[in-house]
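**Student:** sequence-free structure coming up:
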């Protein structure tokens, strides 16, 4: 069974837009009103930070999860941080609710790794080698059904 789902990260996009607007506001104020008080390197740092926020917003604006040719594949926008696991390496798969402080993005959580762009629901994969992976999704039930169906 093939499966493909792309989830937009509305929360992350919103946070990045707010941070971007704040940094642009600081930069404009610095250049127009505080030009004689703010050193040039501070403006350069603001420009670098603003560009970094734009890059992160693009990279983490969505997450795609797919099942194809016996593999579970997931990645963020533009194919960033692409991962794949052969389905036969998945020992168990269950729906879980992430704690709010787990947040979003890519990071370690209790016992494994979390990949998420929005929401708190995830599919928890226990792999045959003992690793644990949580894939955030807004359609966890369909994802787990597709994994179970594809595993046989």
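**Tutor:** In hand now; what should we look at? Since this is a predicted model, take the numbers as computed values, not measurements. Numbering: from 1, shown residues only.

**Student:** tell me the buried residues in the longest helix along the chain?
**Tutor:** Selection of the longest helix in the chain by residue count, based on DSSP state H, yields helix 10-32. Of the residues in helix 10-32, 12-13, 15-16, 19-20, 23, 26-27, 30 count as buried by neighbour count, 16 or more other C-beta atoms under 10 Å. For the C-beta atoms, the positions are set from N, CA and C on the backbone; glycine is no exception.

**Student:** tell me what the lowest-mean-pLDDT helix or strand in the chain is packed against?
**Tutor:** Every helix and strand in the chain was compared by mean pLDDT, DSSP states H and E; the lowest is strand 105-109, with a mean of 90. Judged by 3 or more C-beta pairs under 8 Å, 6 or more residues apart in numbering; DSSP states H and E, strand 105-109 is in contact with strand 112-116.

**Student:** give me the phi and psi angles of the residue of the chain positioned farthest from its centre.
**Tutor:** Distance to the chain centre peaks in the chain at residue 36, reaching 40.2 Å (criterion: C-alpha atoms, centre = their mean). Phi and psi for residue 36, reported as degrees, to the nearest 10, are phi -90, psi -10.

**Student:** how about residue 147?
**Tutor:** Residue 147 adopts backbone torsions of phi -60, psi -50, taken as degrees, to the nearest 10.
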